[in-house]
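Visitor: Need a 3D model of the following:
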Amino acid sequence: QVQLVESGGGLVQAGGSLRLSCAASGSIFRISHMAWYRQAPGKQRELVASIPSLGSTIYADSVKGRFTISRDNAKNTVYLQMNSLKPEDTAVYYCNANIIGTPYSGSYYPQDYWGQGTQVTVSS
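Guide: Purely as a prediction, here's the structure:
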């Protein structure tokens with residue numbers, strides 16, 4: 001009943017920029033934190049950035065100063081602006097959100113949801 005749909009991935013040259021978007025839809029009562037993770041081939045999924053409903057954002061050391069996470073609560077959407085991209089940023093990027101469903105949806109409690117992933121490839 002709740003879906004996260006990502007968009008904005010693609011192929012870019014080193015030094016370029018991409019903007020990822022992730023829209024949550026369905027029977028949503030409240031969204032607390034939202035985040036972006038990534039998984040490169042042969043590696044574990046890692047946190048890239050997270051943004052709570054209130055409070056400070058968190059970034060992985062490897063992306064600080066280059067990536068910016070933001071959210072539009074009216075649109076239930078989280079964004080990841082990626083600048084100065086490097087080949088090591090190549091990965092599948094996943095959106096994550098902790099969502100409470102509406103009272104009559106049967107999901108009136110916090111659950112973690114994941115998007116389907118979007119490929120980001122940075123060429124050298």
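Visitor: Please look at residue 68 and residue 80 and confirm they touch.
Guide: Yes. Using CB atoms under 8 Å, residue 68 is in contact with residue 80, at 7.5 Å. (Glycine included, C-beta is placed from N, CA and C.)
Visitor: More neighbours: those two, which one.
Guide: Comparing residue 68 with residue 80 by other CB atoms under 10 Å, the one with more neighbours is residue 80, at 26 against 16.
Visitor: about what we covered before: touching both of residue 68 and residue 80, which residues are there?
Guide: residue 49 (CB atoms under 8 Å, 6 or more residues apart in numbering).
Visitor: the strands in the chain, which residues?
Guide: Per DSSP state E, the chain carries strands over the ranges 2-7, 10-13, 18-26, 28-39, 46-51, 58-59, 67-72, 77-82, 91-101, 110-114, 118-123.
Visitor: Name the stretch among those that sits most buried.
Guide: strand 77-82 (a mean of 23; mean count of other CB atoms under 10 Å).
Visitor: Other residues contacting it?
Guide: By CB under 8 Å, 6+ apart, strand 77-82 touches 17-24, 34-36, 48-49, 51, 63, 66-72, 89, 93, 95, 97, 120.
Visitor: for stretch 31-44, what is the average pLDDT?
Guide: Mean pLDDT, stretch 31-44: 96.
Visitor: So which residues make contact with that stretch?
Guide: Against stretch 31-44 from outside (CB under 8 Å, 6+ apart): 20, 22, 24, 45-53, 69, 71, 73, 76, 78, 80, 88-100, 110, 117, 120.
Visitor: can you do 7 Å?
Guide: Contacts to stretch 31-44, defined as CB atoms under 7 Å, 6 or more residues apart in numbering, come from residues 20, 24, 45-53, 69, 71, 76, 78, 80, 90-99, 110.
Visitor: do the same with stretch 10-23
Guide: 4-9, 36, 75-87, 93, 95, 115, 118, 120-124.
Visitor: can we see that at 6 Å?
Guide: 4-8, 77-83, 85-87, 93, 95, 115, 121-124 (CB atoms under 6 Å, 6 or more residues apart in numbering).
Visitor: Look up the closest residue to residue 5, ignoring the ones flanking it.
Guide: Setting aside the residues directly before and after it, residue 5 is nearest to residue 23 in space (CB to CB, 6 or more residues apart in numbering), at 5.4 Å.
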